[in-house]
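# Could you work out the structure for the sequence below:
(2 chains)
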Amino acid sequence: GAVVSQHPSWVICKSGTSVKIECRSLDFQATTMFWYRQFPKQSLMLMATSNEGSKATYEQGVEKDKFLINHASLTLSTLTVTSAHPEDSSFYICSARRVGQPQHFGDGTRLSIL
Amino acid sequence: DAKTTQPPSMDCAEGRAANLPCNHSTISGNEYVYWYRQIHSQGPQYIIHGLKNNETNEMASLIITEDRKSSTLILPHATLRDTAVYYCIAPTPKFHLVSGTALIFGKGTTLSVSS
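Numbering: from 1, shown residues only, chains lettered A, B, ... in the order given. Below is the predicted model:
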């Protein structure tokens, strides 16, 4: 099946620093990539939708200046959490798909801000 | 997206079939039903999807009622590794036409498989 790789899987950093998470579709060209966030014991919440070469579309309540998304190619999207604070600690999951195919997910990145 | 309703939790003995129900009484004629699962601390995994015919793959079977108001995901021989949260999703028909439409997750069913 389709593989989506996410890196890093776990990151711990100090408050105020920026953290970049990479998402790659390994065996298909993803027209669109998505970023989700999941807090403990809750379901996945869609943060933003990203199409290659264009600006990401953010869901209501998600700060676009805090969560910078770059989708430079059909196989790579990055999420940068800028000036991260403890409340940004969460499980971030990327997803990729193309028309006519199911949505495939990475294994997530657990972000802990101290 | 059509609203889906799933029981919050279910238990299953290892080796037995796990039958996970999903109610989607407001589903429209061209809305598919998708099933994903999320094992603890991992991203969701695609299982199966269908429109009106029953579907089977190497992971599971999907039984959709004739009126399409409900469906059942069947794991024929559950193992401990099948313990996960299972999500039933009926995305808008736009999902199949536009790649920029995302799946929206509800609370799902937590399946616990025990020995």
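# What count of nearby residues applies to the residue lying closest to A:Q6 once chain neighbours are set aside?
Take A:Q6 and drop its neighbours on the chain: the residue closest to it by Cβ to Cβ, 6 or more residues apart in numbering or on different chains is A:G106, 3.1 Å away. Where you see a C-beta, it was placed from the backbone N, CA and C, and this is true even at glycine. If you count neighbours by other Cβ atoms under 10 Å in any protein chain shown, A:G106 ends up with 27.
# gap between stretch A:21-36 and the chain center?
9 Å (Cα atoms, centre = their mean, to the nearest Å).
# From what I see, the residue nearest to A:Q6 and A:S5 are in contact.
Yes: counting by Cβ atoms under 8 Å, A:S5 is a contact partner of A:G106 at 6.3 Å.
# returning to that earlier point: and the gap between the residue nearest to A:Q6 and B:P44?
Separation of A:G106 from B:P44 (Cβ to Cβ, to the nearest Å): 10 Å.
# Give me the common contacts of the two.
Here A:G106 and B:P44 share the contacting residues A:I93, A:S95, scored by Cβ atoms under 8 Å, 6 or more residues apart in numbering or on different chains.
# For chain B, what lies in contact range of chain A?
B:34, B:36, B:38, B:41-46, B:49, B:87, B:96-100, B:102-108 (Cβ under 8 Å from any Cβ of the partner chain).
# of these, buried ones?
Buried members of the residues of chain B next to chain A, scored by 16 or more other Cβ atoms under 10 Å in any protein chain shown, are B:34, B:36, B:38, B:42-46, B:49, B:87, B:96, B:99-100, B:102-106, B:108.
# For A:P86, give me phi and psi.
phi -50, psi -30 (degrees, to the nearest 10).
# Actually, B:T4.
Torsion angles, degrees, to the nearest 10, at B:T4: phi -120, psi 150.
# pretty sure it contacts B:I89?
Yes: using Cβ under 8 Å, B:T4 is in contact with B:I89, at 6.5 Å.
# so what's the residue nearest to A:C94 when sequence neighbours are not counted up against?
Once flanking residues are discounted, A:C94 sits nearest to A:C23: 3.4 Å by Cβ to Cβ, 6+ apart. Applying Cβ under 8 Å, 6+ apart to A:C23 gives the contacts A:V4, A:S5, A:Q6, A:M33, A:W35, A:L76, A:S77, A:T78, A:L79, A:C94, A:A96, A:G106.
# Thanks a lot, catch you later.
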